[in-house]
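Trainee: Need a 3D model of the following:
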Amino acid sequence: MPSIDPIERTLSRQGHRLTGPRRAVVDTMRLLGNHFTAEEVQQALPAVGRATIFRTMKLMRELEMICQVVLDDGTIVYQLVGEDESEHHHHVICSDCGKVAEFTSDGLERLLEDVASMTGFEVGAHRIELYGQCDSCQKK
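Mentor: As a prediction, the model looks like this:
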């Protein structure tokens with residue numbers, strides 16, 4: 001029995017199909033690797049409409065299949081979330097070279113739960129990005 005692509009499986013579970021244009025967007029994201037922009041996806045797929053690309057990326061963000069990273073200069077980049085990355089993560093971003101590292105923290109998640117409890121908010125989502133210098137840039 002052929003293996004079902006994890007992205008196709010996620011879309012299917014949520015009632016969506018992996019159409020030809022969506023498959024092209026997903027394949028392009030995989031080729032671009034970590035930290036690609038929507039414009040890079042669009043440039044790589046001139047035969048796919050801009051609206052289709054942006055709708056597909058929006059859907060994938062809503063389904064937590066890609067995550068959005070805001071670099072120190074305000075540039076928005078994306079990365080595919082691996083099928084084994086079920087745990088929510090955050091990012092540390094180098095202000096000099098743009099390198100991005102992911103991290104998880106039970107303590108931070110508990111703090112966010114405490115904040116929600118103290119404020120009476122039901123938090124639907126959050127994003128934490130820390131900026132600084134990576135090891136390589138510190139050595140320069």
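
Trainee: So which residue is dead centre in this structure?
Mentor: Nearest to the geometric centre of the chain sits residue 67, at 1.3 Å (CA atoms, centre = their mean).

Trainee: For that residue, which residues count as its bridge partners?
Mentor: Applying DSSP bridges to residue 67 gives these bridge partners: residue 79.

Trainee: In this structure it contacts residue 76, no?
Mentor: No - using CB atoms under 8 Å, residue 67 makes no contact with residue 76, being 10.9 Å away. Quick note: C-beta positions are derived from backbone N, CA and C, even for glycine.

Trainee: hey, where'd the strands end up in this structure?
Mentor: Assigned by DSSP state E, the chain shows strands spanning 66-70, 76-80, 90-94, 100-103, 129-132.

Trainee: Which elements pack onto the fourth one?
Mentor: Other elements packing on strand 100-103 under the criterion 3 or more CB pairs under 8 Å, 6 or more residues apart in numbering; DSSP states H and E are strand 90-94.

Trainee: List the contacts of the strand it packs on.
Mentor: 69, 71-72, 99-105, 108, 127-134, 137 (CB atoms under 8 Å, 6 or more residues apart in numbering).

Trainee: centre of the chain versus that strand, how much separation?
Mentor: Remark: strand 90-94 is offset 12 Å from the chain centroid, using CA atoms, centre = their mean, to the nearest Å.

Trainee: For that strand, buried residues please.
Mentor: Of the residues in strand 90-94, 90, 91, 93, 94 count as buried by neighbour count, 16 or more other CB atoms under 10 Å.

Trainee: Disregarding residues adjacent in the polypeptide, which is nearest to the second one?
Mentor: If the residues on either side of it in the chain are set aside, residue 91 comes closest to residue 129, at 4.9 Å by CB to CB, 6 or more residues apart in numbering.
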